[in-house]
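Participant: predicted structure and sequence below. I'll ask about it afterward.
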Amino acid sequence: MKVLHVSCSPRRQAAESYRLAQQIIDQLRQTDPGAIVIDRMIGHGIILPIDEDYAVSQGSSKDVSRLGSMAKSEQLILELENADVVVISTPMHNLTLPATLKLWIDHIVRTRRTFNITNVGKVGTLHNRPVYVAISSGGRFSGEHPQQPDFLTPYLKAILGMIGLHKVTTFSVQGTGSHSDALASLRRNADQTVRDYFASLHRDQSHVGSVAY
Ligand SMILES: Cc1cc2nc3c(=O)[nH]c(=O)nc-3n(C[C@H](O)[C@H](O)[C@H](O)COP(=O)(O)O)c2cc1C
């Protein structure tokens, strides 16, 4: 199994979202101890905004360049296509995704490559595979008394669906601004949710003899 981990926090390995993603990756490794994990760290701004040629090509019927953003786009799409499972770890920033994750999306969601515009709308070209999203937020955005709207998870599901990735599962640790005891308990609960999810996956699929994440 090849796992692509796209991590989007500027805090890199110290990030809460990165920590939660490692719980997911641990579970994947238990399924396949030989799993290969590509750690694509983008949260510190290594992906540039798209360039002019790329923007022009998205609004016309042909690609005007194979260099610059187009070359970067191709590299990131190939990495995604090669993965059996995708893990995205991300903080919530200003009610939505961090700009660094949006730049990755601007490169991998590309017309005539990862989706086509048809008379029934935009249709993805990637083959479906599981995507796990590990989210960390200072406050709560779901549950009984959310403290803020959530423009992160609905957006991610919509945009990944547009390129053919429809199996998106989110996990979150919400309220990381809490004092340390409360935070420890939030982490424990989030980790348990991940373990329970994979245990139920194994239970549901044990009768067919293999696990499709
Ligand atoms: C620029 C910025 C904007 C943020 N906006 C929000 C927000 O809208 N809602 C929220 O709950 N937390 C917000 N936070 C807090 C982070 O989501 C929180 O600290 C999170 O745990 C960081 O995760 P990380 O360690 O994976 O980067 C924001 C943090 C930063 C730096």
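Facilitator: Perfect, I can see it now.
Participant: in what helix or strand does residue 122 lie?
Facilitator: According to DSSP states H and E, residue 122 maps onto strand 121-124.
Participant: cool, residue 65 as well?
Facilitator: Per DSSP H and E: residue 65 is located in neither a helix nor a strand.
Participant: now for the residue nearest in space to the middle of the chain: which residues touch it?
Facilitator: By C-alpha atoms, centre = their mean, the chain has its centre lying nearest to residue 88, at 2.9 Å. Neighbour list for residue 88: 5, 6, 7, 8, 21, 101, 131, 132, 133, 134, 156 [criterion: C-beta atoms under 8 Å, 6 or more residues apart in numbering]. From N, CA and C alone the C-beta is placed, and that goes for glycine too.
Participant: now residue 126, nearest residue through space, not along the chain?
Facilitator: Among residues not flanking residue 126 along the chain, residue 164 sits closest, at 3.8 Å (C-beta to C-beta, 6 or more residues apart in numbering).
Participant: ok so, going back, so does the host helix or strand of the residue nearest to the centre of the chain get close to the ligand?
Facilitator: Residue 88 belongs to strand 85-91 when assigned by DSSP H and E. Yes. Looking at strand 85-91 against the ligand by C-beta under 6 Å from any ligand atom, the contacts come from residue 91.
Participant: what angle do the host helix or strand of residue 69 and strand 85-91 make?
Facilitator: Using DSSP H and E, residue 69 sits within helix 68-81. Counting by axes from the mean of the first three to the mean of the last three C-alpha atoms, to 10 degrees, helix 68-81 lies at 120 degrees to strand 85-91.
Participant: buried sites along the lengthiest helix in the chain?
Facilitator: Counting by DSSP state H, the longest helix found in the chain is helix 180-205. For helix 180-205, burial by neighbour count (16 or more other C-beta atoms under 10 Å) applies to 186, 187, 190, 191, 194, 198, 201.
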